Structures are given as C-alpha cells and as structure tokens.
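Asks: sequence and computational prediction follow.
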Amino acid sequence: MGAMKLLILGGTSEASALARALAGDPHYDAMLSLAGRTEYPAPSPIPVRRGGFGGSEGLARFLAENRIDVLIDATHPFAAAMKRHAVEAAKQAGAPLLAIRRPTWEPREGDQWISVANLGKAAAALGDEPKRVLLTTGRNNLAPFAAAPQHFYVLRSVAAPALEELPPHVEVITARGPFTLADELRLLGDKTIDILVTKNSGGTATAAKLDAARALSLPVVMVRRPELPDAPANVESVKEALAWLERGHGVTSSA
Ligand code: NAP
C-alpha cells in the first residue's frame, strides 16, 4: 500500500506541529496549505502550497485532482470560511475530514472577562474614556479600532498590518508566540496597559497573556468564536490527530 496522501489546512501552531510529526514518515505523503497572507511563514519540513483554492468547489477539485486520501482542517478557530469550505469540499469529494479544534479558553477565578460576539463589539466594550489597550486580535479587521481613536493601542501581531488600516494612536509590535508569563507581564507593565483585547483562540502558545492580565487584575475583552459547521471527525490536539491517523492507517506508534 502506498503512502497516505494528506492535505493539512494550516496557518496555526497545530498545523506546523503536525507537519513536523509527519515529515519523514514513509506512511504519509503530507502537504501543508497556507492562505498566503504571511509574507514570512515559519519554515515547513513538508511541501507547502500557498493561496486560496477558490471556495469549496475549488478545494473539492484540488482534493480529487491530487488524489488526497484525508483532509485535515488545522486552521485557526476564527478561520470560519475555510472551515466551512473544508466540510463542504470533503463531502463533495468523498474524502474523510479530520478537524483539529482546540478547546476554548475558559475564565478562571480572578479573571475579569468582558465576553463579546465580534471585533465591533470588542471596540465598543473599551468605552468612551481613553485607555491604553493591548490588541492581540491580529493585523486584519482593524477598522472597528480605528473608529475608536480615543484609545492608544499596542498592537501585537505576527506580521505588520497595512499602515492605512491602523488606528491613529498606535504602536505596532511584530512577534510570533509562544510567549511566557514573564514576557507578558513585562509587556503589560512596560506599556502601562489598562485592558487587553483577544479572540478566544484557545491553545497554549498565547495563553500566558490571560495569566498576566489576571495577575495584574486587568480586564480582558474576549471575542467569542464564530459558529462553525460540524466536521465528521473532531479532535482537540495534534497528539489525538496522530492517533486518529494511525488508527485509520493501521499503523501503530511502535511500528
Ligand atoms: P478565512 O476567513 O476562513 O478564509 C478566507 C479564505 O482564505 C478562504 O475562503 C480561502 O480561500 C483562504 N484560506 C484560508 N485558510 C487557508 C489555508 N490554510 N489554505 C489555503 N487557503 C486558505 O481565513 P482567515 O481567518 O483569513 O485565516 C487565514 C489563515 O490564517 C488561515 O490559514 C488561518 O489558519 C490563519 N490564522 C487565522 C487567524 C484568525 O484569527 N482568523 C489567526 C491565526 C492564523 P478560498 O475560498 O479561495 O479557498
């Protein structure tokens, strides 16, 4: 039997970790798909394709033409369009789909979370009084914050945002996680931050900011996840994804 052909929809730490775990394993022939938004993505040990597929139809065609055996959705919890397309395309192409969906972050004792449905509501939740805001919702969709120019924003993102989309009072920090608690305490202290804005991404790479906000008694505006369609198979971690693949492929970890 030939190697199992996998297409990993990526752009996340899980996708990179899965690629590292599968690289060099003769049971798998895996390719990583990136949206192509990040100019300098982290290096990948498996072949990479970049750019959209052209909706669910395009992805279904790609799966058929490349004889993909299994589609793995390892996109970010807020990449709702890609997740929807993955479910539809897998159905159309008759390919099994495994979705890696990290658990959401849940508030702990001492947290002061303001839960909101979207970025517009997040900007509104900052209020009228000028504040110093740590904004970690990514470099896209900054319009709601540009429309709340009374605040000073420290915007941290993996890649720099487009200048014309920035709020008027802003400092941009480009950095890629993981971040430690010490990193986050230093950042919140050095920049005299009053409030943090984040998406409920989940995972460990960027969770330390929540511990730091709790330690400093700072409020956190938490953007809830978008509604997502059900995938036929779901796991929460890369480890579980590897176990799922091994079961499907009849390979055991001692092989
Ligand atoms: P999205 O809104 O769900 O997707 C928009 C379009 O981008 C999709 O319809 C698809 O184009 C293309 N696309 C998205 N992910 C792709 C992938 N892995 N490979 C090929 N094409 C892809 O996605 P998004 O929120 O803009 O996220 C884009 C990328 O950034 C994803 O890889 C995601 O994992 C990563 N990311 C997103 C966030 C976030 O907060 N949204 C955070 C961290 C990382 P077509 O319809 O033409 O196929």
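Replies: Perfect, thanks for sending it. Numbering: from 1, shown residues only.

Asks: what bridges to Tyr28?
Replies: Met4 (DSSP bridges).

Asks: so it makes contact with Ala3?
Replies: Yes: contact status for Tyr28 versus Ala3: in contact at 5.6 Å, counting by CB atoms under 8 Å. For every residue, glycine as well, the C-beta is placed using N, CA and C.

Asks: show me which of these two is the more surrounded one.
Replies: Tyr28 (21 against 13; other CB atoms under 10 Å).

Asks: OK, contacts around that one?
Replies: Applying CB atoms under 8 Å, 6 or more residues apart in numbering to Tyr28 gives the contacts 3-4, 6, 22, 245, 249.

Asks: with Lys209 instead?
Replies: Counting by CB under 8 Å, 6+ apart, Lys209 has contacts 134, 136, 179, 184, 188, 196, 198.

Asks: quick one: Leu126 from the ligand, how far?
Replies: For Leu126, the distance to the ligand (CB to the nearest ligand atom, to the nearest Å) stands at 19 Å.

Asks: where are the low-confidence patches of the stretch 1-150 of the chain?
Replies: 1 (pLDDT under 70).

Asks: give me every residue in it lying close to the ligand.
Replies: For the stretch 1-150 of the chain, the residues in contact with the ligand (CB under 6 Å from any ligand atom) are 9-12, 33-35, 37, 52-55, 58-59, 75-76, 78-82, 85, 138.

Asks: can I get the buried part of those as one ChimeraX selection?
Replies: Selection command for ChimeraX covering only the buried members of those, criterion 16 or more other CB atoms under 10 Å:
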select :9,10,11,12,33,34,35,53,59,75,76,78,79,82,85,138
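
Asks: strands along the stretch 101-250 of the chain, start to end?
Replies: For the stretch 101-250 of the chain, the strands defined by DSSP state E, counting those that start in this stretch cover 113-116, 132-135, 152-157, 170-174, 195-199, 220-223, 233-235.

Asks: the fifth one versus strand 152-157: what angle between them?
Replies: Relative orientation of strand 195-199 versus strand 152-157 (axes from the mean of the first three to the mean of the last three CA atoms, to 10 degrees): 30 degrees.

Asks: for Phe78, which non-adjacent residue is closest in space?
Replies: Closest residue to Phe78 apart from its sequence neighbours, by CB to CB, 6 or more residues apart in numbering: Lys199 at 5.4 Å.

Asks: of all residues in the chain, which one is nearest the centre?
Replies: With distances taken as CA atoms, centre = their mean, the residue of the chain nearest its centroid is His76 (2.9 Å).

Asks: ok, now which ones touch it?
Replies: His76 touches 11-12, 201, counting by CB under 8 Å, 6+ apart.

Asks: between the residues you listed, which is nearest Ala64?
Replies: Nearest to Ala64 among these, counting by CB to CB, is Gly11 at 23.1 Å.

Asks: against Leu228, how distant is that closest one?
Replies: Noted for Gly11: a distance of 16 Å to Leu228, by CB to CB, to the nearest Å.

Asks: just the helices in the stretch 1-150 of the chain please.
Replies: 13-22, 55-65, 80-93, 119-125, 143-146 (DSSP state H, counting those that start in this stretch).

Asks: buried residues, the shortest one. List them.
Replies: Going back to what we said before, that points to helix 143-146. Neighbour counts over helix 143-146 (16+ other CB under 10 Å) mark 144-145 as buried.

Asks: same check, this time on the second one
Replies: By neighbour count on 16+ other CB under 10 Å, the buried set for helix 55-65 is 56, 59-63.

Asks: out of the helices of the stretch 1-150 of the chain, nearest to Ile173?
Replies: Proximity to Ile173 (CB to CB) singles out helix 143-146 among those, at 15.1 Å.

Asks: from the chain's centre, how far out does the closest one sit?
Replies: 21 Å (CA atoms, centre = their mean, to the nearest Å).
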